[in-house]
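Asker: pasted the sequence and its predicted model underneath.
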2 protein chains.
Amino acid sequence: MKTAIYEKAGKITVAEIEKPSLQAKDDVIIKVVRACVCGSDLWRYDENVPHEHGDANSGHEAIGIVEEVGEDITTLVPGDFVIVPFTHGCGHCDACRTGFDGTCDNHPGYQNFGNNYQSQYIRFHYGNWALVKVPGQPSDYSEGMIKSLLTLADVMPTGYHAARVADVKPGDKIVVIGDGAVGQCAVIAAKMRGASQIIMMSRHADRQQMALESGATAVVAERGEEGIAKVREILGGGADAALECVGTEASIDQALGVLHNGGRIGFVGVPHYSNHALGSTFSTNIIIGGGAASVTTYVKDFLLDAVLKGQINPGRVFTQTYSLDNIDQAYKDMANRKTIKAMVTVD
Amino acid sequence: MKTAIYEKAGKITVAEIEKPSLQAKDDVIIKVVRACVCGSDLWRYDENVPHEHGDANSGHEAIGIVEEVGEDITTLVPGDFVIVPFTHGCGHCDACRTGFDGTCDNHPGYQNFGNNYQSQYIRFHYGNWALVKVPGQPSDYSEGMIKSLLTLADVMPTGYHAARVADVKPGDKIVVIGDGAVGQCAVIAAKMRGASQIIMMSRHADRQQMALESGATAVVAERGEEGIAKVREILGGGADAALECVGTEASIDQALGVLHNGGRIGFVGVPHYSNHALGSTFSTNIIIGGGAASVTTYVKDFLLDAVLKGQINPGRVFTQTYSLDNIDQAYKDMANRKTIKAMVTVD
């Protein structure tokens, strides 16, 4: 089968590898219908970090059709249309029970390896609870709906996770840091949870516009101290919560800076910072949480329903579509900010 | 008037200084009835940190009688019996509005200076909203009730704050780290919020016993990896929340170690650690918050009522009483763990 392979920094190629097969009793083999490129894939693409050729694990978001199931799979049969999360919750440990299946106690760190979704087929580990069945078949849905369904594999639940761990409540004043796909989904999530004011920090007109269409009530282009001052001017004080969707020092500083004392940060940008110590928020009483999203919980409980009913339209984050053969261009265009998020069609 | 003065590490003396007078329109002068020694006072007493003689600010917990009020004070009159918090919330900023008056946006860091409650009189800054009136006069109450009222100036609200920022909910499994007065109050708070299991980490029989009387369902004497294993054995898994009431590297590591992924830490021990970076909880989805307690909010909203109705008895943390003249012994006995918390009578 075809799969995307990390060739070197700045270069993804497509190679023929062996089609995956069932290896564990709770494996599921999935034929990919759509995959995509995540902002977190770009950390490797951009940085000159050496990786083994074939140490790909390219991509971790897909929708597809169940091809084959292991003997312990009771929830799915071949032919089912499924959301393929980047997470692998067991569904019954303490973490999953409390709605944190992105960091399942039984499969710790599992989301970080073993994924290789920019391929024609996926071997999905621990598939019984984590995969989410979608009614019908892909051909039953419009291309717009297919895009929204694809966001349920990662970015929409991840944006929602920021809002959930930051405990966004009705009437809250929210700042979203990061205007990529996850930040855009965080705006949608803040609106779903009843925020009264949602400020998107963004310097790009197309991303500002998208955020405003999704529920943002204002955009702030300034950064650093200027950006903080602008947010405080708009809100008439500090924000109740900041949704940090980048993962850099600048973005965590921005998040800390816009809040009133006792405010909350939900961070879902993979942290590339160590400039503040745990406990450093003592003097501000800021509550901070974040991590891998509870994809299966959110999708099963309400996100799939909200998408299918047209209550939310996260699919608008896919501003361009590429074939798997042309995936290097998808990476390139995302890295150069020519597209917000790249969808990949797989035959 | 008499006041406790920091003489040098290991030595508190009592000196005559000028009685404080009104200096701002929202000052209140209070005649102290009871003061006490806080675990955080001991950081200075124990450590050989040089301080200016007279740079005392000794103590920050008291109950007393209003002696004189500034012209902007509308809530109190001379003769009123009051809880004197260590905090100075304004009552109307974003932080106070959302119940974080311990870190009032208008008086940032104010709780850290200007207090000098181990004295015959206190000049209380920003007194209009922050002070809490108690019905009647001290002579109307038993000595046991006086002790519980005194805990409302700090340790009971601080223990409660740990439970509140850790979002302790009915049915939760809780671990309390720190068997001093704040930890003991955190046990009471966890029980008030409906925790089903409360484990106190303690190696001291008297403190273990006190925690069990206040609602702990188990005690664990082991520390480090052994302590974590013991907690997990008792709970049949990780805890939902850890209430960290010490502030050391060992205690924050213990807190991180006992939780399942997606668990929560409320920390109220002033952090003396920097061994983990903010963002380091990404891989565990642990949510962490802490800081100075919302003393006025909690006391006005429910803690004073709970004490006066006898629903909680935090006063049991005062295991010995000293006169102001004898306050050095009170520090000494707390430093040597001969008393859990020392009450100081002031004439």
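Answerer: Yep, that arrived. In this text, all values refer to a predicted model and were calculated from it rather than measured experimentally.
Asker: okay, now residue A:308: neighbour count?
Answerer: 15 (other Cβ atoms under 10 Å in any protein chain shown). Where you see a C-beta, it was placed from the backbone N, CA and C, and this is true even at glycine.
Asker: that should have said residue A:298, apologies.
Answerer: Quick note: residue A:298 (other Cβ under 10 Å) scores 26 neighbours.
Asker: isn't it right next to residue A:160, touching?
Answerer: Yes: assessed by Cβ atoms under 8 Å, residue A:298 is found in contact with residue A:160 at 5.3 Å.
Asker: for stretch A:97-110, give the mean pLDDT please.
Answerer: The average pLDDT within stretch A:97-110 is 88.
Asker: for stretch A:302-321, same thing?
Answerer: On average, stretch A:302-321 scores 98.
Asker: can you give me the offset of that stretch from its chain's centre?
Answerer: 13 Å (Cα atoms, centre = their mean, to the nearest Å).
Asker: can you mark which positions in that stretch are buried?
Answerer: A:303-304, A:306-307, A:312-319, A:321 (16 or more other Cβ atoms under 10 Å in any protein chain shown).
Asker: that one spans what distance, first to last residue?
Answerer: 27 Å (Cα to Cα, to the nearest Å).
Asker: for the stretch 101-250 of chain A, which spans come out with low pLDDT?
Answerer: A:109-114 (pLDDT under 70).
Asker: got the phi/psi numbers for the residue in the stretch 101-250 of chain A positioned nearest to chain B?
Answerer: When distances are taken as Cβ to the nearest Cβ, the stretch 101-250 of chain A reaches nearest to chain B at residue A:103, 3.9 Å away. Main-chain dihedrals, residue A:103, degrees, to the nearest 10: phi -130, psi 50.
Asker: next: residue A:132.
Answerer: phi -120, psi 120.
Asker: right, and it touches residue A:153 too?
Answerer: No: using Cβ under 8 Å, residue A:132 makes no contact with residue A:153, being 9.2 Å away.
Asker: who has more neighbours out of these two?
Answerer: Using other Cβ under 10 Å as the criterion, residue A:132 and residue A:153 rank with residue A:153 on top: 29 against 25.
Asker: who are the contact partners of residue A:232?
Answerer: Shown in contact with residue A:232 (Cβ atoms under 8 Å, 6 or more residues apart in numbering or on different chains): A:238, A:258.
Asker: kindly recompute the last result at 10 Å.
Answerer: A:238-239, A:257-260 (Cβ atoms under 10 Å, 6 or more residues apart in numbering or on different chains).
Asker: same check on residue A:118?
Answerer: Counting by Cβ under 10 Å, 6+ apart, residue A:118 has contacts A:2-5, A:12, A:14, A:32, A:35-38, A:41, A:56-62, A:324, A:327, A:330-331, A:344, A:346.
Asker: ok, now with 6 Å
Answerer: Counting by Cβ atoms under 6 Å, 6 or more residues apart in numbering or on different chains, residue A:118 touches A:4, A:35, A:58-59.
Asker: kindly report the same for residue A:235.
Answerer: residue A:173.
Asker: residue A:84 versus that one, what's the distance?
Answerer: As judged by Cβ to Cβ, to the nearest Å, residue A:235 and residue A:84 stand 39 Å apart.
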